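Peer 1: my questions are about this predicted structure, shown below with the sequence.
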Amino acid sequence: MSLHVDLKHRFRDFAVDLDFEVPEGITVLFGRSGSGKSTVIRAIAGLFKPDHARISLDGRVLCDSEAKLFLPPHKRRVGTIFQDARLFPHLTVAQNLDFGRRFSRRDVPEREVAQMVEMLGIGALLERRPDGLSGGEQQRVAIGRALLSGAELILADEPLAALDEGRKAEILPYFERLRDEIAIPVLYVSHSPAEVARLATTVIALEAGRVIGEGAADLVLSDPAVLPVGTAGAGALLRATVHAHHADGLTELSAGGAALFLPHLETPVGHPVRLRIAAQDVMLSLDRPTGLSALNILSGVVSQISPTQGAGVLVVLDTDAGRVLSQVTRRSVAALNLREGVRCHAVIKTVSIARDNIGA
Amino acid sequence: MGPEEWQAVALSLKVAFWAALASLPLGIFVAYALARWRFPGREILNGLVHLPLILPPVVTGYLLLISLGSRAPLGAFLQNFGIVFSFRWTGAALAAAIMGFPLMVRAIRLSIEAVDTKLEEAASSLGASPLTVFFRVTLPLSWPGILAGAVLAFAKALGEFGATITFVSNIPGQTRTLPSAIYAFLQVPGGEGAALRLVMISIALAMGALILSEILARRMSGGGRS
């Protein structure tokens, strides 16, 4: 299953010109608000008619402006999870979940509904009306409703943006399970680096209506030339496994042979975790630092030095654990005489690996 | 109360009931079109719907008479199918329906406009066709307004006088509704007593209808919340 999008549209003050492929797993459209993410989502859902577009889902053409073909939304078999849950207020949770099922071309068995209710933890809510639910509960029901509609593609339009941090943490695991358990492509819109690092299989970085980078999540996120939300959002994605839980409350992770220490994680030993290491949380040192309280020090070779706006520079360090980005000043680069090929050490403060940046 | 007075009350209720009920589907359709569609002639349709509110009722009645009267071409044509309006209670219902139509459309249109189009988008993204979206999302969510519109049209129909008397005259048992009966009693000496009783009944019916619509609307929206 894959989605192909070729889209051009000119608005009064900006233009969208995109061409990309969405494979299985979660593909995150990553960019600032106003970069054209919502335009793309609405065009794929059929809620907006672009000037020029060819959109096909697994060979099935949803929209082809050349051929004057534009499938209406209800014939696209594309389920959308909106930022606001958009549950039907006059129906119960169970009726909301059931809404799309009757229109599905594929028979969605009762068993699948029960599984979905179980997975989303909404069994106790079934007889309630949406306006009695919390924002997080509403969004979980909306996810279930979209998945049970027999959709062949799920669009998630910043599904967490309207929720507070606690509710976000509540929903994120469901998207992870979606990614890992359900073989249906998901196009997920976000401007949050933490969400991208945690969920994305593939990243499509957007800036001002154009694709500025696309590919596997760890490659795109560690590319200093692709900063769709600015330098402050720069950070690398590392994949690690849980190595041991220590008595002093720390969890030891192993990433490519290198050891990393984190405050205790619930994840069992042997399980994979994703780590996001923000560029601004990484210091560089030429010598292996001693007498330092930081526990996590990765040794590597500078592979790229990329100036950013202002006094900042992003340094890419190839370590055993993977590529790490560090944001330092031009002055530091000059003082340390950093060049490509120089071996140095990345110092990562344990506490700076924020908890919501860790995903299973 | 005399049989003549009861007859007027019963006829009024019948005329108003059918006027409101029969015009409801068209009222919902027109309200939906005005609320949701952009089409050429939309303003003209809007104007036409509201015309009976502004025109002298006599004019509306006269227009009905010259278009649907038994000697008018359209009236004669409909007569072939057994549809007769002139000097029948059906004509009174038609006149009342037209006079109440602007009120009905207005109330329904407001409630349809209050339905979040984002919910309709969500429904279509779940695979519901436009017709299904209308029946399963838009209609249930605008139900209180639809009910209010129907009750308003009913109350308006109870009081309709000018267009009715012009179109279908004032025939006891056929077209003599409450207002026409009051008018008739006031024309004869000693009729004031009967007229006053009918006036009281008119006020009671109108108030009752309005209170009923309030209660129903509240129960509907309350039911959606609990």
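Peer 2: Arrived safely.
Peer 1: secondary structure class for the closest residue to A:Val342 other than its chain neighbours?
Peer 2: Nearest residue to A:Val342 in three dimensions, chain neighbours excluded: A:Val302, at 4.8 Å (CB to CB, 6 or more residues apart in numbering or on different chains). Using the backbone N, CA and C atoms, a C-beta is placed for each residue, glycine as well. Under DSSP: H, G, I helix; E, B strand; the rest coil, the three-state class of A:Val302 is strand.
Peer 1: A:Arg276 now?
Peer 2: Strictly by three-state DSSP, A:Arg276 counts as strand.
Peer 1: separation between the residue nearest to A:Val342 and B:Ser125?
Peer 2: 48 Å (CB to CB, to the nearest Å).
Peer 1: neighbour count winner among those two?
Peer 2: B:Ser125 (27 against 20; other CB atoms under 10 Å in any protein chain shown).
Peer 1: list phi and psi for the nearest residue to that one once chain neighbours are set aside.
Peer 2: Leaving aside its sequence neighbours, B:Ser125 sits nearest to A:Thr80 (CB to CB, 6+ apart; 4.4 Å). Backbone torsions for A:Thr80, taken as degrees, to the nearest 10, come to phi -110, psi 130.
Peer 1: specify the beta-bridge partners of A:Thr80.
Peer 2: Under DSSP bridges, the beta-bridge partners of A:Thr80 are A:Leu155.
Peer 1: mind checking how far the spatially most central residue of chain A is from chain B?
Peer 2: The C-alpha lying nearest the average C-alpha coordinate of chain A belongs to A:Val196 (CA atoms, centre = their mean; 2.5 Å). When CB to the nearest CB, to the nearest Å is the yardstick, A:Val196 and chain B sit 24 Å from each other.
Peer 1: now swap in A:Gly213 and tell me
Peer 2: 29 Å.
Peer 1: please name the nearest non-neighbouring residue to that residue.
Peer 2: A:Gly213 sits nearest to A:Val226 (CB to CB, 6+ apart), 3.4 Å away.
Peer 1: wait, the one you found sits on A:Val220?
Peer 2: Yes. The pair formed by A:Val226 and A:Val220 meets the contact definition of CB atoms under 8 Å, at 5.7 Å.
Peer 1: name the residue of the stretch 101-250 of chain A that lies nearest to chain B.
Peer 2: A:Phe103 (3.1 Å; CB to the nearest CB).
Peer 1: contacts only, for that residue.
Peer 2: A:74, A:149-150, B:126-129, B:132 (CB atoms under 8 Å, 6 or more residues apart in numbering or on different chains).
Peer 1: what does the stretch 51-200 of chain A have sitting close to chain B?
Peer 2: A:72-80, A:82, A:84, A:86, A:88-90, A:99-100, A:103-104, A:129, A:131, A:145-146, A:149-150 (CB under 8 Å from any CB of the partner chain).
Peer 1: with just CA atoms, put the one helix or strand A:Cys63 maps to into PDB.
Peer 2: A:Cys63 belongs to strand A:60-64 when elements are defined using DSSP states H and E. Extracted in PDB, the C-alpha atoms of strand A:60-64 (Å, rounded to 0.1, in the frame of the first residue of the first chain):
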ATOM      1  CA  ARG A  60      -6.400   3.900  -7.300                       C
ATOM      2  CA  VAL A  61      -6.700   7.400  -8.600                       C
ATOM      3  CA  LEU A  62      -8.300   9.800  -6.000                       C
ATOM      4  CA  CYS A  63      -7.800  12.900  -7.900                       C
ATOM      5  CA  ASP A  64      -6.400  13.800 -11.300                       C
END
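Peer 1: what strands flank that strand, and is each parallel or antiparallel?
Peer 2: Here, using DSSP bridges, strand A:60-64 pairs with strand A:52-57 (antiparallel), strand A:69-70 (antiparallel).
Peer 1: so which bits of it are buried?
Peer 2: Using 16 or more other CB atoms under 10 Å in any protein chain shown as the test for burial, strand A:60-64 gives A:62-64.
Peer 1: pLDDT for those - can I get that in a markdown table?
Peer 2: A markdown table is the format used below for the buried residues of strand A:60-64 (pLDDT from 0 to 100):
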| residue | pLDDT |
| --- | --- |
| A:Leu62 | 94 |
| A:Cys63 | 93 |
| A:Asp64 | 94 |
